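In: no letters, just coordinates:
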């Protein structure tokens, strides 16, 4: 290695975190130095950088900006198998719900199924920069919203540590470093080993297996390392855990506290209230409302109704007349009062097969190396080749009313079903839902580094390419419509569906087998299909910089770093044929999302030592950086950051910073092509039952006035069919985001580094934030506006004309717009203790974050929405760990805690509701939650063995009411909670 290699690499690490201040030297340099003094000075520089790097790797104290260091050993001690799991243990991530693979099941999420990303401070994954050895790691994923690095792409076995800069760094790295920087440092040095990891939950389902091998070698002029890794995450299905079982309402009497859920006589337990299946019935006689409001017909599949002499339709309707309903034998009425709610069987076996943690197989190879070309120039390279396959199983309802609008299947048109003006809406089940995703990701880096006298330089080229394929199980709109129209005599036999071109098949819509999900293969082949979509994303980056000393001041040497970068990003997402043809029933559609951007930037940083060895100032340094950025899809902008590092003395240090950012809209925010989905009228249409809610005092009077002025009658009390929601990009309309990040902190270290403490306050304010405004928000903004109906949001949706009493919203268009402001404020605290005792060496550590504000303001005159304390956004989060090293054994106890949360602020009556006339309460809260893990590590016959138990006390996720909070079963579904239960893990490594 050339002589300045140590200096160059250390400086690159320093620059990676805006920490060029570490180059400053204590004391001043005299004019009469000898040659030996100069040599000693050079050694002092290199050694000082090395020492500072060591302190950073230990605790992140003594830096001008707050840094958290996460060792890969932590993953081994806590039984964590992936990089995403490891990062989610940090308080900077645990303060908001993160995108984990479980949350990509049943939802369309950024990056597609199985994608895992990190959103620091809850500001979004596209505002968190991920670096690999100090250089960009390009995005990966599927669908049109690819913008962040998929943490599955790098094997955890290749990682030595992760350095998390908890401060904005846009002036050095660009727009996506708004919330901070995650720098993944890979292993180096001479090492060859094979490692096997196993994680076995106490209950079956969700097992993890990992096998990896690595080989590294250092020789006279360079080094290299190769890592091969295979990771298998087996599926955890809903049926594998009791807490994911069919959800109960969790309603309780407001006075007595006793449960008001109906009882299911099949089980003797409270009723399961999941996706019901059967025949929904409506009365369309003139002047009638609904036939037996809410009544459903369910088939007696297991003979329960007949054995228990449950009422039939004939016994319910005793008076003859034109509105009588007749049904075939075996069908019984349910869900027309509280008792019969309990009779409805909603616990369909398909839901037990739904993936909670999808089966994922990841195979990857990571390689890196460097070679000294001359004494002053070295070449380096990195390579990642990774493939991930994720399989998601799911289930869904499907029905004909969505296709027919106000025209329902009328009584008498099908054998056995009768009654004038009675409509029958069949709601069937199917397990034809889910997707298979394959992500092929590769990234390589080529670069040169060297020295010119006292100056170090580096130039690198990074190319990452993501190719994704997503095969989605869909229901075809044209086939559904054709099969329904065949009931009314429309063409079928010998005809082809107009879009998909499939031979028509008669569907027994009201047949018991069809409703129960046992459709014939011919029907499945006609109604169902698989849509094949592809996504590519390429990012190329060229970056070059120089760093060195400028001149000496009395307090030390002024150091600088300056550089340029050029980056291109290109996305091309092509959904499947059915999606492109808008031929999906009840699913999100989209067009082709394609775009390209070029980003040019120049940046510079200066460290200025102002004071040394004075009273109350062992040192005082200022660091200033600035960046000019030009984005082809938007325009130009500048950012800056100023940091101060004041070492007071006696172990005390104060650090402070203020910086700005400029974030041009991402490609998907600009070019996302129309995605279509469906929203319920209930909860999204503020005009539903506006008159009754006005009388109750549960609606803003201005909204009621605007609804009436807009032609919505007071009689509109029953929601119609769902509205079509369209979302698209904002090319030509979006402005860049700007933000200001401020922080101040106090650090203290005791003599001999036994105790360490840091407290840092952070404040990030984003203005003009790019946000996706959903359809419900658009409608609400229109009707709350003082400028109704001329407010621009009122042009974003259309209403139906009242046919069959349906005045609901027909179509609403949302999309990416600039909103007013988002603010996050809080404090990070860290306390460490480490010392030797007669029983061994003990290390204690506490990391704690308190969130003071997480607010969002739609417009300048809007009232900010506060999210701290909401489910998924706890006020307090933290990690505690204790490690004892004794006689070749390491014992580790870790505790992770999440504060209590609730979502009651989003309901007019907090947790109070009414169920079938009974004043009740629901559950939309989670208590303070603790998770514990224990592990033991030692050497056994040359093998490094770690064994442990995670979630030691088998803590289940908190329970919530599906009506009040997002759940799977009754388990609250947010990333802070454990979905596996108690699990046992083992890590076995053999070093050659």
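Out: Sure, I can see it. Small disclaimer: the values here were computed from a predicted structure and weren't measured. Numbering: from 1, shown residues only.
In: from here on, contacts and neighbour counts on C-alpha atoms
Out: Noted.
In: okay, and the beta partners of residue 986?
Out: When bridges are called by DSSP bridges, residue 986 pairs up with residue 198, residue 947.
In: could you pull up the contacting residues of it?
Out: Neighbour list for residue 986: 79, 197, 198, 199, 945, 946, 947, 948 [criterion: C-alpha atoms under 8 Å, 6 or more residues apart in numbering].
In: the same query, at a cut-off of 10 Å, please.
Out: Each residue near residue 986 by C-alpha atoms under 10 Å, 6 or more residues apart in numbering is listed here: 76-79, 196-200, 209, 935-937, 945-949.
In: got the buried residues for stretch 263-275?
Out: Buried positions in stretch 263-275, judged by neighbour count with 16 or more other C-alpha atoms under 10 Å: 263, 264, 270, 271, 272, 273, 274, 275.
In: you'd agree residue 94 is up against residue 120?
Out: Yes - in this structure residue 94 lies within contact range of residue 120 using C-alpha atoms under 10 Å: 8.8 Å.
In: shared neighbours, the two?
Out: residue 88.
In: now the strand or helix carrying residue 545: mean pLDDT?
Out: Taking DSSP states H and E as the definition, one finds residue 545 inside strand 528-553. Predicted confidence along strand 528-553 averages 95 (mean pLDDT).
In: now stretch 957-977
Out: What stretch 957-977 shows for mean pLDDT is 92.
In: next, the distance between the ends of that stretch.
Out: Length of stretch 957-977, first residue to last, C-alpha to C-alpha, to the nearest Å: 6 Å.
In: distance between that stretch and the chain's centre?
Out: A distance of 16 Å separates the centroid of the chain from that of stretch 957-977, by C-alpha atoms, centre = their mean, to the nearest Å.
In: buried ones in that stretch?
Out: In terms of neighbour count (16+ other C-alpha under 10 Å), stretch 957-977 has its buried residues at 957-962, 964-977.
In: do stretch 363-383 as well
Out: Within stretch 363-383, the residues that count as buried by 16+ other C-alpha under 10 Å are 363-372, 376-383.
In: how long is it from one end to the other?
Out: Per C-alpha to C-alpha, stretch 363-383 runs 14 Å from first to last residue.
In: from residue 428, how far off is residue 225?
Out: As judged by C-alpha to C-alpha, residue 225 and residue 428 stand 55 Å apart.
In: oh, that last question was meant for residue 308, not what I typed.
Out: With the distance defined as C-alpha to C-alpha, residue 308 ends up 25 Å from residue 428.
In: more crowded one of the two?
Out: For residue 308 and residue 428, the more surrounded residue by other C-alpha atoms under 10 Å is residue 428, and the numbers stand at 26 against 9.
In: which intervals of this structure have sub-threshold pLDDT?
Out: Along the chain, the model assigns pLDDT under 70 to residues 1-64, 101-109, 283-294, 315-324, 401-414, 419-422, 588, 677, 804.
In: next, residue 120: phi, psi?
Out: For residue 120, the backbone dihedrals (degrees, to the nearest 10) come out as phi -70, psi 140.
In: contacts only, for it.
Out: Counting by C-alpha under 10 Å, 6+ apart, residue 120 makes contact with 88, 90-96, 98, 126-129, 164-167, 177-182.
In: strands along the stretch 551-700 of the chain, start to end?
Out: For the stretch 551-700 of the chain, the strands defined by DSSP state E, counting those that start in this stretch occupy 556-574, 593-614, 617-631, 635-649, 652-663, 675-679.
In: span of stretch 750-759 from start to end?
Out: The separation between the terminal residues of stretch 750-759, taken as C-alpha to C-alpha, is 15 Å.
In: residue 269 against residue 259, yeah?
Out: No - in terms of C-alpha under 10 Å, residue 269 does not count as a neighbour of residue 259; the distance is 11.1 Å.
In: so residue 870: helix, strand or coil?
Out: In terms of secondary structure, residue 870 is coil; the call rests on DSSP: H, G, I helix; E, B strand; the rest coil.
In: residue 672 and residue 589 touch, don't they?
Out: No - taking C-alpha under 10 Å as the contact criterion, residue 672 and residue 589 are not neighbours in contact, 11.6 Å apart.
In: neighbour count: these two, which is higher?
Out: residue 672 (26 against 23).
In: not counting sequence-adjacent ones, nearest residue to that one?
Out: Residue nearest to residue 672 in three dimensions, not counting chain neighbours: residue 729, with 4.5 Å by C-alpha to C-alpha, 6 or more residues apart in numbering.
In: could you do residue 116 as well?
Out: Of all residues apart from its sequence neighbours, residue 100 sits closest to residue 116 (C-alpha to C-alpha, 6+ apart), at 5.0 Å.
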